[in-house]
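Engineer: Sharing a model that was predicted from the sequence below.
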Amino acid sequence: MSCFLLDVTPLSSVPTARLDLRDVAKRFGPTTALDGVSLTVAPGEVHTLLGENGAGKSTLMHIAFGMLQPDRGSIVVDGVPRLITSPRMARDAGLGMVHQHFTTVPALTVAENLALAQGVAAGQWKRSPTFQDPLLGRLSDGLDPGAPVEQLSVGEKQRLEILKAVVQGQQMLLLDEPTAVLTPGETTDLLQWVQAFAAAGGSVVFITHKLAEARLVGDSVTVLRHGTVRLTGALGEFTTEALAQAMIGRASARTVAPKRPSARSDGDVVVRVRNLQLAARGQSTNPEGSGVSFDVRAGEIVGLVAIEGQGQRELLLAIAGVGSAAPGTVEVVGRAVLIPEDRTTEGIIGEFSLVENIALASDAAAPWVGRWGTLDWEALRQRTEMVVRTYGVQAPSTDMPVRSLSGGNQQKLVLGRALAANPSVVVAGNPTRGLDFQATTEMHQRLQETASSGVAVLVYSNDLDEVLALADRILVVSGGQVLIPDRADRDTIGQLMLAAERTP
């Protein structure tokens, strides 16, 4: 059973939350984030909130949840005006939020994080009533209650965030890009759970960039663009083209850039993997002599696909030269750079400025690194401004903390920093996580242009269709092995991805 198919019937016995945000405005210095935004969520409704990166979606939800204070406007919950100045007050009003960025304590276990969400001291988590019912028995798909969160995959961490909101018993959930890091199967399970939650009397604001996903789960919709409401109403009243027009000003819902007409296959070998021992979930390493071996050539895009926990993360990190080395050899000609799966814990430091985050990726050979390791901050500032300009990062100042950027703009900064380092190999894990469909298309184009310039690109994504559209060649990671499909069609690759799951 999927970990998301939880029993939500108790919700019918408690008052149902309803949220009204009225004429909400918010500025950050010279930047207007929200300008007179109103949004109403009815009982038993899934209200989808759409918009490009930086449109104001997360800012609006942060105001509803008490993380930010509006310059103007009001919050009404269950018909009662509320002054919500903290997340605690929001939870007391019946609101729960699943953030785009993880809020769990990495050093604590899954069960301890769930206990903390209920207000139980970490050292006394076993006394929590939650752990006396079958809830933990339904945490499937490898989400072990005793596992430290720092050992979970990105998808498992996202599932834990959703469970944290569920166990608090909130009747109004604010879900900020909850499927961004989930596999297709996990996404389907989550959407089914959201619908069941609403059917039991709960209410949901569901932020997503995926129009098809919005149509599957939503009852109503509000579209934000540049901090204002461009469209709102029953979702069924609007075509996909109308939603796209409201989001980006043109009727296009393309999410994958057109495939390159011809890919290079005669480039020099720049990545050589030999007998690399990968550990899939439930095993230490592969049997001796059964390690992974393959080559990657300059100018090609190699796609990696896998279900969670098959060794793909270890493979990506080994090629990028990050983390502890697995048995075997990985040879890289030139420099490999990593676009990590989780930008918030592996790609950026939120409290640091854009300039400081660009400096984090600098090496001793960079022109702004002087003798004795001193930094030329003016040169770094110019480099940062170039990255911001070239990769379309929306930031009023390069001195502002990166945490103040939207998730999509943070991802653009991570991508720009990596590609500006003139690498010979780019290793990308879920590179379009949190990006709207226009930014996703731009990301794909960047990766294609990078490969066409002679750089080897390895891409792993939870979205199989994304990999099929991007890659010149596909490798399936299953049970710590790399399998090469005879045909690059969806059914064949899907069967290989599930091979390890069928092995006793």
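Structural biologist: Done, it's in. Since this is a predicted model, take the numbers as computed values, not measurements. Numbering: from 1, shown residues only.

Engineer: how close does the residue lying closest to R82 once chain neighbours are set aside get to I63?
Structural biologist: Sequence neighbours aside, I75 is the residue nearest to R82 in space, at 5.0 Å (criterion: Cβ to Cβ, 6 or more residues apart in numbering). All C-beta atoms are positioned from the backbone trio N, CA, C, and that covers glycine. Relative to I63, I75 is positioned 7 Å away (Cβ to Cβ, to the nearest Å).

Engineer: Check I207 too.
Structural biologist: Remark: distance between I207 and I63 (Cβ to Cβ) = 14 Å.

Engineer: T398 now?
Structural biologist: As judged by Cβ to Cβ, T398 and I63 stand 26 Å apart.

Engineer: Tell me which of these two has more neighbours.
Structural biologist: Ranked by neighbour count (other Cβ atoms under 10 Å), T398 and I63 place I63 first, with 25 against 21.

Engineer: Remind me which helix or strand the more buried one belongs to.
Structural biologist: Per DSSP states H and E: I63 is located in helix 57-64.

Engineer: Check V482 too.
Structural biologist: Using DSSP H and E, V482 falls in strand 481-483.

Engineer: So what are the sheet partners of that strand and their directions?
Structural biologist: As defined by DSSP bridges, the strand partners of strand 481-483 come to strand 473-478 (antiparallel).

Engineer: what is the mean pLDDT for the strand it pairs with?
Structural biologist: Average pLDDT, strand 473-478: 87.

Engineer: can you give me the helices for the stretch 201-350 of the chain?
Structural biologist: Using DSSP state H, counting those that start in this stretch, the helices found in the stretch 201-350 of the chain span residues 211-217, 240-248, 312-320, 343-346.

Engineer: For these, which has the smallest mean pLDDT value?
Structural biologist: In terms of mean pLDDT, the lowest-scoring of those is helix 343-346 (a mean of 80).

Engineer: list the buried ones in that one?
Structural biologist: Applying a neighbour-count criterion of 16 or more other Cβ atoms under 10 Å, one finds R343, T344, T345 buried in helix 343-346.

Engineer: List phi and psi for G321.
Structural biologist: With angles defined as degrees, to the nearest 10, G321 sits at phi 80, psi 30.

Engineer: surely it meets A336?
Structural biologist: Yes - G321 is within contact range of A336, at 5.9 Å (criterion: Cβ atoms under 8 Å).

Engineer: More neighbours: which of the two?
Structural biologist: For G321 versus A336, neighbours defined as other Cβ under 10 Å are more numerous around A336 (22 against 15).

Engineer: Let me see the contact set for the closest residue to the more buried one other than its chain neighbours.
Structural biologist: Using Cβ to Cβ, 6+ apart and skipping the chain neighbours, the partner closest in space to A336 is V425 (4.0 Å). By Cβ atoms under 8 Å, 6 or more residues apart in numbering, the contact list for V425 reads 270-271, 296, 319-320, 332, 334-337, 455-458.

Engineer: from those residues, which would you call buried?
Structural biologist: Of these, these count as buried by 16+ other Cβ under 10 Å: V270, V271, V296, I319, A320, V332, A336, V337, V455, A456, V457, L458.

Engineer: and the closest residue in space to the third one that isn't next to it in sequence, bridged to which residues?
Structural biologist: Right, the one you point to is V296. Leaving aside its chain neighbours, V296 sits nearest to V271 (3.8 Å; criterion: Cβ to Cβ, 6+ apart). For V271, the beta-bridge partners under DSSP bridges are V296, V332.

Engineer: V221 now?
Structural biologist: According to DSSP bridges, beta-bridge pairing links V221 with T48, G233.

Engineer: So what's the residue count around it?
Structural biologist: Using other Cβ under 10 Å, V221 is surrounded by 24 other residues.

Engineer: Number of residues surrounding L470?
Structural biologist: Neighbours around L470, by other Cβ under 10 Å: 27.

Engineer: From what I see, it and R446 are in contact.
Structural biologist: No - using Cβ under 8 Å, L470 makes no contact with R446, being 11.2 Å away.

Engineer: now the stretch 151-300 of the chain, which segments are flagged as low pLDDT?
Structural biologist: Residues of the stretch 151-300 of the chain meeting the criterion pLDDT under 70: 154, 169, 181, 183, 250-265, 280-290.

Engineer: for it, what spans make up the strands?
Structural biologist: 172-176, 203-207, 220-225, 228-234, 269-276, 292-297 (DSSP state E, counting those that start in this stretch).

Engineer: which helices and strands does the first one pack with?
Structural biologist: Where contact means 3 or more Cβ pairs under 8 Å, 6 or more residues apart in numbering; DSSP states H and E, strand 172-176 is packed against helix 57-64, strand 95-98, helix 184-199, strand 203-207.

Engineer: next SSE after the first one?
Structural biologist: Read that as helix 57-64. strand 72-77.

Engineer: Can you spell out which helices and strands pack onto that following strand?
Structural biologist: By 3+ Cβ pairs under 8 Å, 6+ apart, strand 72-77 packs against strand 19-28, strand 31-41, helix 57-64, strand 80-82.

Engineer: what angle sits between that strand and strand 19-28?
Structural biologist: 150 degrees (axes from the mean of the first three to the mean of the last three Cα atoms, to 10 degrees).

Engineer: could you check the angle strand 172-176 makes with strand 72-77?
Structural biologist: Using the same axes, to 10 degrees, the direction of strand 72-77 lies 130 degrees away from that of strand 172-176.

Engineer: Wait, V205 touches E45, no?
Structural biologist: No - under the criterion of Cβ under 8 Å, V205 makes no contact with E45, lying 9.4 Å away.

Engineer: V273 reaches E314, doesn't it?
Structural biologist: No - taking contacts as Cβ under 8 Å, V273 lies outside contact range of E314: 11.6 Å.

Engineer: Show me how this structure divides into domains.
Structural biologist: The chain breaks down by automatic domain parsing into domains covering 9-246, 268-335+425-430+459-504, 341-422.

Engineer: before we move on, the earlier item: of all the helices and strands packed on strand 172-176, which lies closest to I248?
Structural biologist: helix 57-64 (13.9 Å; Cβ to Cβ).

Engineer: show me what contacts L458?
Structural biologist: Contact partners of L458, counting by Cβ under 8 Å, 6+ apart, are V271, V296, I301, V302, G303, L304, L316, I319, V425, V426, V427, A428.

Engineer: which sections of the stretch 1-150 of the chain are below the confidence cut-off?
Structural biologist: 1-17, 120-142.

Engineer: what separates the nearest residue to L224 once chain neighbours are set aside from T208, distance-wise?
Structural biologist: Nearest in space to L224, with sequence neighbours left out and distances taken as Cβ to Cβ, 6+ apart, is G51 at 3.8 Å. Using Cβ to Cβ, we find G51 at a distance of 10 Å from T208.

Engineer: sorry, back to before: pull up the overlap in contacts between I75 and I63.
Structural biologist: Shared contacts of I75 and I63, counting by Cβ under 8 Å, 6+ apart, come down to L21.

Engineer: What about L243, how many residues nearby?
Structural biologist: Neighbour count of L243, defined by other Cβ under 10 Å: 22.

Engineer: if you skip the residues just before and after it, what's nearest to it?
Structural biologist: What sits nearest to L243 in space, not counting adjacent residues and going by Cβ to Cβ, 6+ apart, is L211, at 5.7 Å.

Engineer: Also I474?
Structural biologist: G303 (4.6 Å).

Engineer: In contact with M247, which residues?
Structural biologist: By Cβ under 8 Å, 6+ apart, the neighbours of M247 are L50, G51, E52, A55, V223, R225, R230, D436.

Engineer: The second one contacts D436, doesn't it?
Structural biologist: Yes - here G51 lies in contact with D436, judged by Cβ under 8 Å, at a distance of 7.4 Å.

Engineer: And E385, how close does it get to A93?
Structural biologist: Counting by Cβ to Cβ - E385 and A93 are separated by 42 Å.
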